[in-house]
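In: I'd like to go over a predicted model; first the sequence, then the structure.
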Amino acid sequence: QEVKMVECGKFMQYHDFYVCFSDISKREALQSGAMFRLASMSKPITAVATMILVDRGLLSLDDSIAKYLPEFSKLFIGKIKNDEVVEEIEVKTAVTIKELLTHSSGIGSGDIGAKDFLAIPVEDRATLEMAMPHYAKCRLEFEPKTSSNYSPFLGLDILSRIIDFPAPVSPVNAEKPEEK
């Protein structure tokens with residue numbers, strides 16, 4: 001595996017070594033073009049991509065996430081009882097794009113979010129498309145817009161799926177409004 005650094009179209013450095021592995025136990029090198037999660041480093045990229053779509057009029061910060069992902073139309077606030085997350089009450093306020101961006105949705109945050117996320121089998125989180133039905137069943141920590149707490153997994157993953165090119169109702173696939 002080789003790593004080449006290019007700046008302004010000019011070759012900068014060359015290293016001939018393995019940067020990382022696609023399978024550490026087998027010592028298989030990560031191949032060019034491999035897709036993988038960048039964890040929290042993907043959050044600002046997702047946020048910028050979202051705001052570009054907002055700027056182009058293809059998405060609104062006030063859009064309900066259920067507009068693009070109908071499985072999120074009926075959500076519940078959870079509580080921990082006997083070390084398990086249980087549904088407590090149905091949310092009154094729809095979660096919007098803005099709440100996902102500002103970590104004020106209640107989705108995937110706190111102990112409730114961590115327990116629900118870890119209960120999803122890893123193989124069912126292999127792609128955003130596969131993960132969404134599971135994410136939609138996760139309970140919220142609080143009523144949307146009433147508080148904020150960092151959502152390390154679900155919030156921006158849901159937003160990534162909404163702006164994902166192949167999503168059938170993605171704003172990227174929508175017609176751009178005519179310029180006035």
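Out: Yep, it's here.
In: what bridges to residue 89?
Out: Note on residue 89: beta-bridge partners by DSSP bridges are residue 77.
In: local confidence estimate at it?
Out: Looking at residue 89, its pLDDT is 94.
In: what number of residues lie near the residue nearest to residue 128 when sequence neighbours are not counted?
Out: Spatial nearest neighbour of residue 128, chain neighbours left out: residue 161 (4.2 Å); criterion: CB to CB, 6 or more residues apart in numbering. C-betas here are computed from N, CA, C, even on glycine. As a burial measure, residue 161 scores 20 neighbours (other CB atoms under 10 Å).
In: go ahead and confirm residue 161 touches residue 130.
Out: No: Residue 161 is not in contact with residue 130 according to CB atoms under 8 Å; the separation is 10.2 Å.
In: thinking again about what came up before, and the residue nearest to residue 128, how close does it get to residue 154?
Out: Distance, residue 161 to residue 154, by CB to CB, to the nearest Å: 10 Å.
In: try residue 41
Out: Remark: distance between residue 41 and residue 154 (CB to CB) = 17 Å.
In: which one's more surrounded, the two?
Out: The residue with more neighbours, out of residue 41 and residue 154, is residue 154; 24 against 8, by other CB under 10 Å.
In: quick one, what contacts that one?
Out: 107, 108, 113, 117, 135, 138 (CB atoms under 8 Å, 6 or more residues apart in numbering).
In: not counting sequence-adjacent ones, nearest residue to residue 66?
Out: Sequence neighbours aside, residue 73 is the residue nearest to residue 66 in space, at 3.9 Å (criterion: CB to CB, 6+ apart).
In: for residue 50, what are phi and psi?
Out: Dihedral angles of residue 50 (phi, psi; degrees, to the nearest 10) stand at phi -60, psi -50.
In: quick one: it and residue 59 touch, right?
Out: Yes: assessed by CB under 8 Å, residue 50 is found in contact with residue 59 at 6.7 Å.
In: mutual contacts of the two, please.
Out: Residues touching both residue 50 and residue 59 by CB under 8 Å, 6+ apart: 97, 163.
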